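J.: Generate coordinates for the sequence data below:
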Amino acid sequence: MISAAATGLICGLLVGGAAGFVVALVVAPIAGAVLHRREDPAVQRARERIKQDLPFAADLMAACLLAGRPVSAATEIAATAVGGPLGQRLSWASSQLRLGADPEPTWAHLAQDPATGHLARAMSRAAQSGAPVADVLTRLADDARETARAASVATARSVGVKAVAPLGLCFLPAFVLLGIIPVVAGLATTIVLP
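T.: The predicted model follows:
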C-alpha cells in the first residue's frame, strides 16, 4: 500500500499543481490494485517447482503402492525423495494419514492449493471410490508431463514470435531508407521534370 501511495505522489509531483493532485488521487488506487493483484515471486517459484516435481513424486508413490506400501508410507517416501515445497506438503499429508486422519479432508486441505490440487483431488477420489491408487497416480504423472510438454512447446513458439518484433523494428527503417525512398525519389524526379 505504501508503494502505491508513493507512486501516486511521484506522479502528482511530476504533473504538479491541481492537476497533479487529481493525477495522484487517480494513480494511487490503480497502482494499489495492480500491486495487490500481483503474485508474490516466492509463491510463484514454489508453484513452478511443484509442477516440475509432481510427475516424479506421483510415479514414486505409484511404485511404492505397487510394492505393497500403504498410502501414508508411499507419500512419506515421495516427500523425502522430492523435498522442496511439494515434499513439505506431502510430508504433512503423510503425517496426518499416519496419525489416523480421514483421507478425504486431508487431501481436501491440499486441494486448496492450485499447485497440488490435481494430486489431492485424484487421491481423494481414489479414497472415496476405492479405485486402485497406483493407476490414478500413473495417469496423473502422465497428464502432468503432457501439460509440462505442452507449456514448453507454447513457450518455444512464443519465443519465435517475440524475436521477430525487434528484428522488424531494426530492419524496417533500413528497408524504408534504402529501398523505398530512392524509388520514390527516382519516380518523383521523372514526374516533376519532363
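
J.: Break this protein down into its domains, please.
T.: 2-38, 42-150 (automatic domain parsing).

J.: Point out the most buried one among the ones you listed.
T.: domain 42-150 (a mean of 18; mean count of other C-beta atoms under 10 Å). C-betas here are computed from N, CA, C, even on glycine.

J.: Make a markdown table from the domains of the chain and add distance to residue 173 and mean pLDDT to it.
T.: Converted to a markdown table, the domains of the chain look like this (distance: least, C-beta to C-beta, whole Å; pLDDT from 0 to 100):
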| stretch | distance to residue 173 | mean pLDDT |
| --- | --- | --- |
| domain 2-38 | 31 | 76 |
| domain 42-150 | 37 | 87 |
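
J.: is it possible to export these to TSV including distance to residue 157?
T.: Converted to TSV, the domains of the chain look like this (distance: least, C-beta to C-beta, whole Å):
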stretch	distance to residue 157
domain 2-38	26
domain 42-150	11
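
J.: For residue 1, report the pLDDT, please.
T.: Listed pLDDT for residue 1 reads 61.

J.: which SSE is residue 162 in?
T.: helix 133-175 (DSSP states H and E).

J.: nope, residue 65 is what I was after
T.: helix 41-66.

J.: and the next element down the chain from that helix?
T.: Immediately after helix 41-66, counting by DSSP H and E, sits helix 71-82.

J.: Counting by contacts, list what that following helix packs against.
T.: helix 41-66, helix 84-98 (3 or more C-beta pairs under 8 Å, 6 or more residues apart in numbering; DSSP states H and E).

J.: Can you tell me which of the ones you listed is nearest to residue 77?
T.: Shortest distance between residue 77 and those, using C-beta to C-beta, is found for helix 41-66: 5.3 Å.

J.: So which other helices or strands are in contact with the closest one?
T.: Helix 41-66 packs on helix 71-82, helix 84-98, helix 117-129, helix 133-175, going by 3+ C-beta pairs under 8 Å, 6+ apart.

J.: got TSV for these, with distance to residue 44 too?
T.: TSV is the format used below for those (distance: least, C-beta to C-beta, whole Å):
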stretch	distance to residue 44
helix 71-82	19
helix 84-98	11
helix 117-129	16
helix 133-175	14
